[in-house]
Structure formats: C-alpha cells, structure tokens
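Colleague: Sequence and predicted model, in that order:
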Amino acid sequence: MATPIITDGSTDRAREVPPVVLPANPRLFEERAARFAQLAPGHPMGVYLGLMAQICRGQHAAFGARPAAPLPAAAIEQSRNFGMPPLSAQGHARAPAWRDDLRDIVAAVRAGAAPAVAATLDRLRALDDVSLEAVADRVLSGTTLDDDAALVPFVGAALQVYFTRQAAALTAADVSRCDVPTICPVCGMRPVASLIRIGGAQANLRYLVCALCHTEWNMARVKCSSCEGDKGVHYLSLAQDDAADGTQAAVKAEACDECKTYLKLFNQDKDALVDPYADDLATLALDLLVDEQGFVRSGPNLLFHPGSG
C-alpha cells in the first residue's frame with residue numbers, strides 16, 4: 001500500500017521532502033510485535049516486553065477487523081482552514097469501535113495469560129462503558145492514576161488502533177497545515193519519540209512519531225521537539241561510542257537545557273529494525289538516567305504507565 005504524503009510544494013524536484021506522513025502500513029502492529037519478541041529474550045524487562053508482543057498481535061487483529069468511523073465534515077474543514085488537528089485526541093468524539101478494539105486485544109492476550117495478567121484482563125472486562133471511557137480520557141490527557149497502571153497498556157493499545165485506523169483513512173488534503181509543529185497535525189498528541197529514517201524521500205531526515213495515531217511529521221535536527229529552541233540541545237546515551245570511528249548508538253535522549261525536557265531519538269541508520277515504541281520501552285534505563293539529570297520527558301508511550309514516583 002502506498003504511503004500518502006503531504007509535500008511541501010518545493011520546486012526542488014531532486015528531492016521533495018514530505019512534511020507529514022500518514023500511517024499506511026497494514027502490518028504496522030504485527031511488525032512491532034516481532035520487534036518486541038526480538039528484544040525480549042535476555043532483557044531485564046523480558047517478561048513485560050513479551051506481554052507487549054502479545055498486545056501488539058492483538059492490535060494487529062483488531063486493526064483489520066473493522067473500518068474507520070466516518071469523520072465529521074466540520075473537523076476536516078477546520079483542519080484545512082485553521083490548521084486544527086481533525087482527530088483531536090481530547091476533543092474527538094470517539095466511536096464505540098475503540099471499545100471493540102479493546103475487547104479484541106483482551107481476548108487475544110487472555111488465552112494462556114499469566115495469573116496476574118489474567119486478573120487485570122478480567123478487571124477490564126468487568127468495567128462498564130462509562131468507566132472505560134473515563135480511563136481512556138485519562139490516558140489521552142496524561143492524567144492516569146496509579147490505580148490505572150495495569151490497565152494503561154491495554155487501553156492505550158486500543159486507542160492506538162482506533163486513532164491509527166482513523167488517521168489512515170485521511171488524505172493529504174485533509175491535513176494540509178498545522179499551526180503547532182510540536183504536536184501531531186492529525187490528533188494533537190505529543191510524539192513518543194523522533195526517528196531518523198533511511199530510504200526513500202524521508203532518508204536522513206528527522207521525523208516526530210505520534211504516540212497515538214502513528215502520523216509522522218518532519219522537524220529539523222538539533223531542535224527541541226518541545227520548545228523548538230536550538231540552544232542548549234544536547235544528547236545523552238547509555239552507551240559509549242560503539243566503534244573506533246565514533247559511530248553513535250541507535251538511541252539517544254535529546255535533552256534541552258532551555259525547557260528542561262527530553263525525547264528519545266532513534267536512528268535507523270544504526271539499527272534498521274528500531275521501532276520508536278518497542279525500543280523506547282526496551283531502553284527505560286535511559287529514561288532513568290536522563291531523569292536523574294533533571295529533565296522531564298515531553299511525550300508519552302501509551303503502552304506504559306510511568307507511575308507517580
């Protein structure tokens with residue numbers, strides 16, 4: 001399936017940089033499941049990463065199980081005329097289909113689940129629609145409670161399926177502009193990470209990756225993805241230079257001294273299989289390191305509840 005892109009109208013025909021890339025890979029969640037499964041063996045968080053692989057397999061099944069819900073024409077018009085996200089994470093009236101996605105994910109993971117996981121899934125199944133919507137609202141607004149912690153990966157996964165399906169149904173003309181370059185132009189969510197791509201029109205460019213709908217949007221390198229400043233931006237890593245010629249590790253934390261936030265940067269040139277969601281969870285030790293330096297993470301990973309500590 002071709003990836004719909006929004007071009008910048010540049011007259012440079014040698015290379016037309018796509019400012020926004022809409023999700024179009026029908027195997028996106030399946031491929032992420034494979035990445036989690038690859039990362040899990042021998043990892044200190046191997047059991048958790050293995051569970052995430054199961055969740056992603058459930059996401060893949062749910063993603064293809066139903067069509068996108070119709071989007072109000074007014075939302076498209078506001079996006080085209082005023083640069084507003086047409087699928088605003090907090091303003092969009094979610095269709096009940098997201099709860100069907102959640103049920104599919106729960107069913108996929110429930111078979112053969114460990115007792116603790118099974119208990120969480122049974123708790124999810126027992127929640128009524130009003131309670132589920134309340135948890136979803138907290139996940140999207142970043143106000144989840146410690147009591148929500150066990151539920152977050154499942155609810156977050158279902159919301160990803162729903163919003164990604166909705167975003168994939170849009171066209172380039174539906175997302176022609178965005179007035180706030182630090183948030184997703186489709187749903188208004190913050191990025192989970194940034195990614196330096198390889199191959200095609202995106203090669204060697206930095207793209208922010210939406211934590212919710214998987215839309216990607218271009219931002220210049222060495223520029224804070226939170227405050228857009230370029231002073232005081234520096235990089236932290238768990239690894240030393242991994243070769244004599246000083247090649248950099250595939251993952252670094254891009255930290256900003258101006259706003260004291262950070263976001264991880266993944267480089268496909270260093271690891272072509274790197275996934276901004278799976279590899280983010282596999283490198284939580286880096287988050288701890290950066291947190292100790294006084295920086296606050298600027299974007300969420302909806303498959304993880306960070307806790308209140």
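Modeller: Looks like it came in fine. Predicted model, so just to flag it, every value in this text is computed and none were measured.
Colleague: Can you point out the buried residues in stretch 117-129?
Modeller: For stretch 117-129, a neighbour-count test (16 or more other C-beta atoms under 10 Å) marks 117, 120-121, 124, 127 as buried. (Each C-beta comes from the backbone N, C-alpha and C, glycine too.)
Colleague: which residues of this structure fall in strands?
Modeller: Remark: strands assigned in the chain by DSSP state E are 5-6, 20-21, 191-196, 206-210, 216-218, 233-236, 251-256, 261-267, 296-297.
Colleague: now the longest one against strand 251-256, angle please.
Modeller: Going back to what we said before, that points to strand 261-267. 150 degrees (axes from the mean of the first three to the mean of the last three C-alpha atoms, to 10 degrees).
Colleague: List of residues touching strand 261-267?
Modeller: 191, 193-196, 206, 224-227, 235-236, 248, 250-256, 274-276, 279-280, 283, 286, 290, 295-299 (C-beta atoms under 8 Å, 6 or more residues apart in numbering).
Colleague: Show me just the buried residues among those residues.
Modeller: Among these, those buried by neighbour count (16+ other C-beta under 10 Å) are 191, 193-196, 206, 224-227, 248, 250-256, 274-276, 279-280, 283, 286, 290, 295, 297-299.
Colleague: distance between the ends of stretch 231-251?
Modeller: Stretch 231-251 has an end-to-end distance of 21 Å (C-alpha to C-alpha, to the nearest Å).
Colleague: again with stretch 283-297
Modeller: From start residue to end residue, stretch 283-297 stretches across 13 Å - C-alpha to C-alpha.
Colleague: Mind listing residues that contact it?
Modeller: With C-beta under 8 Å, 6+ apart, stretch 283-297 has contacts from 45, 236-238, 251, 253, 255-256, 260-264, 304, 306.
Colleague: coming back round to it: can I get the strands of the chain in CSV including mean pLDDT?
Modeller: Shown next, in CSV, are these (pLDDT from 0 to 100):
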stretch, mean pLDDT
strand 5-6, 45
strand 20-21, 92
strand 191-196, 96
strand 206-210, 96
strand 216-218, 93
strand 233-236, 94
strand 251-256, 96
strand 261-267, 96
strand 296-297, 97
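Colleague: Would you tell me which of these gets closest to residue 40?
Modeller: Residue 40 sits nearest to strand 251-256 of all the strands of the chain, at 16.9 Å, using C-beta to C-beta.
Colleague: Give me the helices and strands touching the closest one, please.
Modeller: The helices and strands touching strand 251-256, judged by 3 or more C-beta pairs under 8 Å, 6 or more residues apart in numbering; DSSP states H and E, are strand 233-236, strand 261-267, helix 284-292.
Colleague: tell me the most buried of those?
Modeller: strand 261-267 (a mean of 23; mean count of other C-beta atoms under 10 Å).
Colleague: Just want the angle from it to helix 284-292.
Modeller: 150 degrees.
Colleague: Sheet-wise, list the partners of strand 261-267 with their directions.
Modeller: If you go by DSSP bridges, strand 261-267 pairs up with strand 191-196 (parallel), strand 251-256 (antiparallel), strand 296-297 (parallel).
Colleague: So for residue 144, which of those strands sits nearest?
Modeller: strand 296-297 (14.3 Å).
Colleague: And the residue nearest the centre of the chain?
Modeller: Among the residues of the chain, the one closest to the centroid is residue 211, at 2.5 Å (C-alpha atoms, centre = their mean).
Colleague: got the contact list for that residue?
Modeller: Applying C-beta under 8 Å, 6+ apart, we find residue 211 in contact with 189-192, 299-302.
Colleague: average model confidence for stretch 92-104?
Modeller: Taken as a whole, stretch 92-104 carries a mean pLDDT of 96.
Colleague: Repeat that for stretch 133-146.
Modeller: Here the average pLDDT along stretch 133-146 is 95.
Colleague: circling back: give me every residue that touches the closest residue in space to the residue nearest to the centre of the chain that isn't next to it in sequence.
Modeller: Leaving aside its chain neighbours, residue 211 sits nearest to residue 192 (3.9 Å; criterion: C-beta to C-beta, 6 or more residues apart in numbering). Neighbouring residues of residue 192 by C-beta under 8 Å, 6+ apart: 209-211, 276-277, 280, 299-302.
Colleague: ok, so of those residues, who is nearest residue 174?
Modeller: Closest approach to residue 174 among these (C-beta to C-beta): residue 210, at 15.2 Å.
Colleague: pretty sure the closest one contacts residue 184?
Modeller: Yes: contact criterion C-beta atoms under 8 Å: residue 210 and residue 184 qualify, at 4.0 Å.
Colleague: got the contact list for residue 276?
Modeller: 192-195, 209, 264, 266.
Colleague: Can you report how many residues lie near the nearest residue to residue 183 once chain neighbours are set aside?
Modeller: Nearest residue to residue 183 in three dimensions, chain neighbours excluded: residue 190, at 6.1 Å (C-beta to C-beta, 6+ apart). A count of nearby residues for residue 190, using other C-beta atoms under 10 Å, gives 20.
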